[in-house]
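1. A predicted structure for the sequence below; I have some questions about it.
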There are 2 protein chains.
Amino acid sequence: MRTSPQPETLADMPANAPTDAPPHAAPLALERFLPYRLNVIATTVSNALARIYAERFGITIPQWRIVATLGQFETRTARDIAAHAVMHKSTVSRAVAALAERGIVERRPNVEDMREELLALTREGRGIYEAVAPEALAFERAVFTGLTDAERETLFGLIDRLDARMRSLAPDLDPADASEVAR
Amino acid sequence: MRTSPQPETLADMPANAPTDAPPHAAPLALERFLPYRLNVIATTVSNALARIYAERFGITIPQWRIVATLGQFETRTARDIAAHAVMHKSTVSRAVAALAERGIVERRPNVEDMREELLALTREGRGIYEAVAPEALAFERAVFTGLTDAERETLFGLIDRLDARMRSLAPDLDPADASEVAR
DNA sequence: TCATAATGGTTGCACCAGCAACCGATTTCT
DNA sequence: AGAAATCGGTTGCTGGTGCAACCATTATGA
């Protein structure tokens, strides 16, 4: 058995312990609980970054995700963006409305399917993208200074695998699949 | 959108642009942007876990953090909990109120300092803790199945370092330091 | 062909979190 | 001692977010 250095890891239990685990054997320390740690660090990083978006460019994180997606792909529908940037469709709808209002994105009807709208950055929108992107990347570098390239890659790899794992464990709670029918 | 190798993934871009990237190069792909990836995976994991807390035990994530902290430390003040579990003091206040209302935590005055209150789990509260903790750990194991112990340790190590890095980069936005004076 | 289902997108509603103002208790400073 | 600052904790308010209902449009199928 692979011995975990942590006294409380219970690494020797079966992968999916039945609910009848001994009640008082609950060696749960928050600092060693990965969902918690993940959430705290992600929130901290997000808040720091959101501050840049807000103060420097007056945009929120959902708005930034839309700008980033359209900066990458030129023209997409709201549905595409929701899927790509993993946001609920109502979030996308409101963020797009705000961006359109400010002349940052442009909405164009799709004559082949009048249900959807084609979205793209305006010239001004592209300007914002090109101003924000380097700052975002600089922030990323600042935060991840001290990690080697190999460690960064490891982190990406781990996230990818966790991502895949979550999709198979609980596919329905992916905010990207806006199918409210398949609940 | 299930898998990372999407049609439009731009996987052929350089891993992480060097520090002196020209402003208009902006090689920013959301899938390769760590703050974004971190946030998405943390949210997904959190939501899946929150569902367990909610459906099985009728508690929210802040409430769970409080139960977990008191399960670990017996008696703490709200301030201690906020610091330990990284929550805003108003969040703690409301979550404690709800838990006290339900008889899960008990508030006791501190005769040596009447500003603060000593919090502890009631017998019922401890029962909940002892029921939730194994499920939380089981969930953690289920999610992290497929990672070796070494990889798990690596992940913890990376998070620790990111954490330290963020504290030095933007110490003021740590939700735990409730000092509204030091803005 | 026409009724029904599904899809892209919008919006009302309720909930939750954070900010900031506030309260009583304690500490600090003069 | 007394004023002022600080501290632990509570609460009103506001903004953001997800859910679910809804609208218009397109696809399906009897």
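-> Received it, and whenever you're ready, just let me know what you need.

2. A:Ala78 - nearest residue in space that isn't next to it in sequence?
-> Closest residue to A:Ala78 in three dimensions, ignoring its sequence neighbours and counting by Cβ to Cβ, 6 or more residues apart in numbering or on different chains: A:Val92, at 5.0 Å. C-beta: built from backbone N, CA, C; applies to glycine.

3. The one you found sits in which helix or strand?
-> A:Val92 belongs to helix A:89-101 when assigned by DSSP states H and E.

4. What's the local residue count around the residue nearest to A:Ala78?
-> By other Cβ atoms under 10 Å in any protein chain shown, 27 other residues sit near A:Val92.

5. I'd say it and A:Ile81 touch.
-> Yes: between A:Val92 and A:Ile81 there is a contact under Cβ atoms under 8 Å: 5.5 Å.

6. where do the contact lists of the two overlap?
-> With Cβ atoms under 8 Å, 6 or more residues apart in numbering or on different chains applied, the overlap between the contact sets of A:Val92 and A:Ile81 consists of A:Ile66.

7. how about low-confidence regions in chain A?
-> Chain A contains residues with pLDDT under 70 at A:1-26, A:171-183.

8. How about the residues of it by DNA strand C?
-> Within chain A, the positions lying close to DNA strand C (Cβ under 7 Å from any atom of the strand) are A:77-80, A:82, A:89-90, A:92-94, A:96-97, A:113, A:115-117, A:178-179, A:181.

9. which of the residues you listed are buried?
-> Burial by neighbour count, judged by 16 or more other Cβ atoms under 10 Å in any protein chain shown, picks out A:77-78, A:80, A:82, A:89, A:92, A:96, A:117, A:178 from the residues of chain A next to DNA strand C.

10. Looking at those residues, which two lie furthest apart in space?
-> The two members of those with the most space between them (Cβ to Cβ) are A:Glu117 and A:Ala178, at 15.1 Å.

11. I figured A:Phe57 hits A:Val132, correct?
-> Yes: A:Phe57 sits in contact with A:Val132 when judged by Cβ under 8 Å, with a separation of 5.7 Å.

12. which of those two has more neighbours?
-> Between A:Phe57 and A:Val132, counted using other Cβ under 10 Å, A:Val132 has the larger neighbour count: 21 against 17.

13. Starting from B:Glu117, give me the distance back to that one.
-> When distance is defined by Cβ to Cβ, to the nearest Å, A:Val132 is 45 Å away from B:Glu117.

14. same question, A:Ala82
-> With distances taken as Cβ to Cβ, A:Ala82 is found 44 Å from B:Glu117.

15. can you check A:Asp163 too?
-> With distances taken as Cβ to Cβ, A:Asp163 is found 41 Å from B:Glu117.

16. cool, and A:Leu119?
-> When distance is defined by Cβ to Cβ, A:Leu119 is 51 Å away from B:Glu117.

17. One more: A:Pro27?
-> With distances defined as Cβ to Cβ, the gap from A:Pro27 to B:Glu117 amounts to 27 Å.

18. A:Glu116 too?
-> From A:Glu116 across to B:Glu117, the span is 55 Å (Cβ to Cβ).

19. After the helix or strand hosting A:Thr69, which helix or strand is next?
-> When elements are defined using DSSP H and E, A:Thr69 is found to belong to helix A:61-73. Proceeding C-terminally, helix A:61-73 gives way to helix A:78-85 as the next helix or strand, assigned by DSSP H and E.

20. now that next one: how far from the chain's centre is it?
-> 12 Å (Cα atoms, centre = their mean, to the nearest Å).

21. repeat for stretch A:125-139
-> Here the centre of stretch A:125-139 is set off from its chain's centre by 18 Å, with Cα atoms, centre = their mean.

22. near chain B, anything from it?
-> Yes: Stretch A:125-139 is in contact with chain B by Cβ under 8 Å from any Cβ of the partner chain, via A:129-131, A:133-134, A:136-139.

23. what comes up buried for that stretch?
-> Of the residues in stretch A:125-139, those scored as buried under the neighbour-count criterion (16+ other Cβ under 10 Å) are A:125-126, A:128-130, A:132-134, A:136-137, A:139.

24. all helices of chain A, in order?
-> With DSSP state H as the definition, chain A shows helices at residue ranges A:34-52, A:61-73, A:78-85, A:89-101, A:123-144, A:149-169.

25. got a list of contacts for the second one?
-> Applying Cβ under 8 Å, 6+ apart, the contact partners of helix A:61-73 are A:46, A:49-50, A:53, A:59, A:76, A:80-81, A:84-85, A:87, A:91-92, A:94-96, A:98-99, A:104-105, A:119-121, A:125-126, A:128-130, A:132-133, A:136, B:8, B:10, B:26, B:28-30, B:33, B:36.

26. Touching, A:Gly103 and A:Glu124? I think so.
-> Yes: contact criterion Cβ under 8 Å: A:Gly103 and A:Glu124 qualify, at 5.6 Å.

27. Phi, psi for the residue positioned nearest the centre of chain A please.
-> Residue closest to the mean C-alpha point of chain A, counted by Cα atoms, centre = their mean, is A:Val86 at 6.1 Å. In this entry, A:Val86 is assigned phi and psi values of phi 50, psi 60 (degrees, to the nearest 10).
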